[in-house]
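Visitor: whatever this is, show me its structure:
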Amino acid sequence: MQQDMMEKFVKYKICFFIFFIGLLHFNNIHAQQKIITGIIKDRQSDEPIQFASIMFTRSKFGMVTDTAGKFAFILDKWYKDDTLRISNVGYKDVFIPLLHSKDSLSLIIKLDVLPPVNEAVVRVKYNRALWFWKRIMKYKALHNKEHWDNFSYEIYNRLELDIENINKKVEQNRLLKPLDFVFNYIDSTSEDKPFLPAYLTETLSDYYYQKNPHRVREIIKAARTNGIDNESLVKQLGGLYQNINVYNNFIPVFDKQFVSPFNDYGSSYYNFKLLDTQYISKKRFVHLRFTPKRKGQNVFEGDCWIHDTTFSIQKITMRPSVDANINFISGLSMIQEFKPINDSVWFLYKDKFIADISPLGKSKIALKGRKTSTYKNVLLNDSSIVQKLDEAKKAEQVDVLPNSLNLSDSFWQKNRHEELSKTEKTVYILLDTLEKNPVYVGYRDKIEFITRGVKDIGNFRIGPWYYWLSGNVYEGPRMRFDFSTNKDFDKHWYFNTYLAYGTFDNRFKGKAEVRYEFNRTPWSYIRLQYRNDLDNGQMYTDQLGTDNIFATIFRRPNIPFKYQNLEEKKIEYYAETYKGLGFGLSVSSKQYNALLNLPGKELFTTASNANPFNTFETTLKIRFAYLERTVSENFSRKSLRSVYPIVQLNLTHGFPGIANSNYTYNKADFSISDFLKIPPYGSIYYNLFAGKIYGTLPYQLLEIHPGNELFYYNKYAFNLMNRFEYLSDQYWGFNIEHNIGNGLFRYIPLTRKWKFRQFWNVKGVSGTLSNENKQLNFVGNYPFNSLDGKFYCEVGTGVDNIFKFFRIDLVWRVSPQQTPLGVAQNNFGIFGSFRVSF
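Guide: Got it, this is the predicted structure:
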């Protein structure tokens with residue numbers, strides 16, 4: 001028995017010894033373990049890179065990142081002279097020496113996109129990548145969300161704007177010294193460039209779509225907009241107008257249209273290459289890369305992961321090709337991710353748009369814009385969607401719910417799809433601080449005043465400043481001051497006036513207007529206006545007029561000045577429907593007075609011996625602009641165009657004997673205009689017009705075809721026609737301009753680098769003037785003529801986007817090349833203009 005006990009004791013000791021030795025060994029192994037974790041991201045977009053390769057160059061083992069771009073190594077040891085090599089197709093390799101003695105490392109690794117190289121394209125009888133792309137295209141319609149009869153989802157949109165490249169020189173600028181506290185907010189991590197968060201907006205919406213008939217509705221349930229209380233601007237921040245569909249043939253990048261890799265003819269624009277395959281949740285995905293076939297085209301380069309069973313996109317990253325004709329962009333990435341909502345249907349669940357905007361150059365202070373959209377609660381072909389759409393009054397409608405702009409932080413923490421990052425949280429703190437800083441507010445207001453031209457002071461507005469000083473031969477130096485109310489004064493009532501004075505004629509001129517706005521959507525108002533000033537002809541908001549300082553500088557020489565004064569009293573009512581149909585009715589009394597180089601009233605006689613330049617008329621305006629987008633600011637409204645033509649008809653009747661009017665007449669004028677995007681061939685603007693005037697009338701009441709007497713190009717006028725050169729009482733014409741893009745310039749390396757753009761235009765008008773109207777108006781020093789059925793035509797071309805801002809137009813007057821009076825005309829002209837465009 002003692003022997004048995006001894007044997008058990010020995011066995012116990014042996015087991016204890018083995019356990020003790022094992023424990024020591026385990027502790028030794030654990031103590032020697034090394035842990036390396038990290039995430040790999042694209043430097044420009046900050047987007048995680050899935051399936052990137054991480055390899056130990058000496059140990060010859062490695063792994064790939066997961067779908068979130070993360071990796072983790074748990075090692076017993078590593079060589080002190082080993083190096084991590086991080087690589088991914090389309091990116092520069094990164095090498096990280098492992099010289100650390102720490103037991104763990106946590107890395108954030110940013111990869112830079114490789115510059116384009118001229119890869120040799122090997123032509124083979126069987127191109128597997130092209131075959132795979134064709135399989136994707138075969139199932140494209142099934143994966144395009146717009147093929148469903150209807151769908152809906154909740155969309156969360158976040159827009160962020162940061163200021164980049166802030167260096168010590170900027171921080172030490174004495175003008176910014178009062179704001180030096182701001183630079184404490186600059187966010188800088190291990191390998192990132194410092195940047196200053198400047199702006200952040202968030203919206204949460206319900207989005208509804210129906211294919212046939214086409215209807216779209218968005219209900220903005222919440223918006224956080226950094227002080228923007230303009231509802232028309234808030235509507236632009238939702239999902240309706242910022243929707244990118246990678247399955248469409250063309251993809252918008254700012255105001256340009258780029259050819260999608262999945263365009264129906266994509267194989268004519270892209271080279272495709274199969275790279276590798278990976279498995280996610282037992283699903284096999286194929287890595288497909290696409291690169292431009294030719295230089296200078298507006299196409300992308302990038303890659304995507306495709307589910308090899310349904311041929312649906314799982315994730316795609318697109319960047320404009322380095323030669324793409326787009327301004328101010330030093331880096332841009334578009335990323336979309338899709339998730340399955342059942343066995344065969346994949347639906348977009350996240351998209352990102354990241355742009356580096358560098359108007360002053362890459363190394364100068366710049367902006368980075370980030371847009372992130374996420375999608376939840378997807379419904380397909382559901383009757384509830386139709387019910388929501390039936391509640392809308394327009395085919396495309398955005399509604400902003402009441403009290404949706406001032407929701408609490410707790411609401412956003414509960415309802416936003418993704419938690420804000422540390423930087424994004426900082427934005428709200430910083431902007432709240434800046435809004436209370438008088439120096440910042442002062443700088444901001446001065447910049448807005450210079451760029452917009454107007455300044456709000458409490459409930460009132462002054463400007464535009466560029467009207468303050470101008471000049472002409474009749475008035476001499478001219479001073480003008482504009483004053484109006486703003487939305488803070490009243491939501492419906494608007495008062496606007498200006499006063500001008502010429503130092504040569506020593507006379508005050510001006511305008512006074514009162515408007516009551518009934519509704520903003522659909523738009524309706526009534527206004528009363530009195531104006532007594534020089535008549536500057538037809539004015540366009542996007543063109544240079546004659547009543548500002550710039551017109552004085554750019555006037556062409558050796559063209560006689562022609563001036564008349566107009567005193568007008570007018571009342572107008574205008575209302576639109578939800579369908580885009582607008583009706584306007586106006587009543588006006590006008591009195592003209594010729595001032596310089598125009599026939600005076602003494603040359604015209606009337607039966608009553610009253611002023612022959614007096615008229616009283618009513619005008620009915622009918623305008624149809626289906627699905628027109630507009631943005632309102634104060635009490636003015638700017639059209640963002642429509643995808644359909646805009647049609648307008650004006651019917652005017654003149655009454656004699658009212659307010660000393662002398663004429664009975666009828667007018668009808670009609671126009672149809674449109675702006676067509678025709679990618680990849682640019683865009684076309686056209687305007688077709690025609691009119692008829694019944695009556696014998698002085699020249700002010702006839703059609704005076706618009707001319708241009710400035711070196712500044714006028715899009716809507718005939719640039720080699722002088723003002724008052726041609727009169728008509730019956731006419732038709734057109735104005736067509738085709739902006740091609742880089743066109744032929746893409747074949748020349750230097751002009752391709754400078755991003756020159758090509759265009760052509762043609763304008764024409766044909767008109768007649770009755771003998772009665774000729775006899776009445778061709779008196780005294782008259783400067784006008786009649787086309788007598790001839791066709792006036794001018795054609796032009798030139799170079800756009802010079803230094804990214806300027807345009808040069810070369811214009812030829814084709815016919816007629818000589819006026820009936822025998823006065824030779826300039827049959828060729830060079831004009832310039834300025835604009836800001838991506």
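Visitor: for residue 786, list each beta-bridge partner.
Guide: For residue 786, the beta-bridge partners are residue 727 (DSSP bridges).
Visitor: next, count neighbours for it.
Guide: Around residue 786 sit 21 other residues, with neighbours defined as other Cβ atoms under 10 Å. Every C-beta, even on glycine, is put in place using the N, C-alpha and C of the backbone.
Visitor: list the contacts of it.
Guide: Listed by Cβ atoms under 8 Å, 6 or more residues apart in numbering, the contact partners of residue 786 are 726-728, 767-769, 774, 820.
Visitor: reformat the residues you listed as TSV; add pLDDT, distance to residue 690 and neighbour count.
Guide: Below are these laid out as TSV (pLDDT from 0 to 100; distance: Cβ to Cβ, whole Å; neighbours: other Cβ atoms under 10 Å):
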residue	pLDDT	distance to residue 690	neighbour count
726	95	15	26
727	96	16	25
728	96	11	26
767	96	10	24
768	97	12	14
769	96	15	25
774	94	21	17
820	50	23	11
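Visitor: which one of those residues is nearest residue 795?
Guide: Using Cβ to Cβ, residue 726 comes nearest to residue 795 of the contacts of residue 786, at 17.9 Å.
Visitor: before we move on, back to that, just the contacts of residue 786 now: which is nearest residue 666?
Guide: Nearest to residue 666 among the contacts of residue 786: residue 728, at 15.3 Å, using Cβ to Cβ.
Visitor: isn't that closest one right up against residue 789?
Guide: No. Using Cβ atoms under 8 Å, residue 728 is not in contact with residue 789; the gap is 9.9 Å.
Visitor: wait, is residue 490 part of a helix?
Guide: No. Residue 490 is assigned coil when assessed by DSSP: H, G, I helix; E, B strand; the rest coil, not a helix.
Visitor: what's the neighbour count on it?
Guide: By other Cβ under 10 Å, 14 other residues sit near residue 490.
Visitor: can you tell me the element residue 39 falls in?
Guide: According to DSSP states H and E, residue 39 maps onto strand 34-42.
Visitor: for that strand, the distance to its chain's centre please.
Guide: Centroid displacement of strand 34-42 relative to its chain, using Cα atoms, centre = their mean, to the nearest Å, is 37 Å.
Visitor: can you check stretch 632-639 too?
Guide: How far stretch 632-639 lies from its chain's middle: 17 Å, per Cα atoms, centre = their mean.
Visitor: for that stretch, buried residues please.
Guide: 632, 634-635 (16 or more other Cβ atoms under 10 Å).
Visitor: only alpha carbons, please: show it as CSV.
Guide: Output in CSV follows, covering the C-alpha atoms of stretch 632-639 (Å, rounded to 0.1, in the frame of the first residue of the first chain):
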residue,chain,number,x,y,z
SER,A,632,-35.0,81.5,-54.6
GLU,A,633,-33.0,84.2,-52.9
ASN,A,634,-34.7,87.0,-51.1
PHE,A,635,-37.6,87.8,-53.5
SER,A,636,-35.8,86.8,-56.7
ARG,A,637,-35.8,83.4,-58.3
LYS,A,638,-33.2,81.8,-60.5
SER,A,639,-34.0,79.0,-62.9
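Visitor: part of a helix, is residue 132?
Guide: Yes. Per three-state DSSP, residue 132 lies within a helix segment.
Visitor: that one and residue 591: what is the separation?
Guide: Separation of residue 132 from residue 591 (Cβ to Cβ, to the nearest Å) stands at 75 Å.
Visitor: rounded mean pLDDT for stretch 169-188, please.
Guide: Here stretch 169-188 scores 69 as its mean pLDDT.
Visitor: C-alpha coordinates for that stretch, CSV please?
Guide: C-alpha atoms of stretch 169-188 as CSV (Å, rounded to 0.1, in the frame of the first residue of the first chain):
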residue,chain,number,x,y,z
LYS,A,169,2.4,81.3,-43.1
VAL,A,170,-1.4,81.4,-43.3
GLU,A,171,-1.7,81.1,-39.5
GLN,A,172,0.7,84.0,-39.0
ASN,A,173,-1.1,86.4,-41.3
ARG,A,174,-1.8,89.5,-39.3
LEU,A,175,-5.3,89.8,-40.7
LEU,A,176,-6.0,86.4,-39.2
LYS,A,177,-4.4,87.1,-35.8
PRO,A,178,-7.8,87.8,-34.2
LEU,A,179,-8.9,84.4,-35.3
ASP,A,180,-5.8,82.4,-34.2
PHE,A,181,-7.9,80.4,-31.8
VAL,A,182,-9.4,78.7,-34.9
PHE,A,183,-6.1,77.0,-35.7
ASN,A,184,-6.4,75.0,-32.4
TYR,A,185,-9.2,73.1,-34.2
ILE,A,186,-7.0,72.0,-37.0
ASP,A,187,-7.2,68.2,-37.1
SER,A,188,-4.0,66.3,-37.9
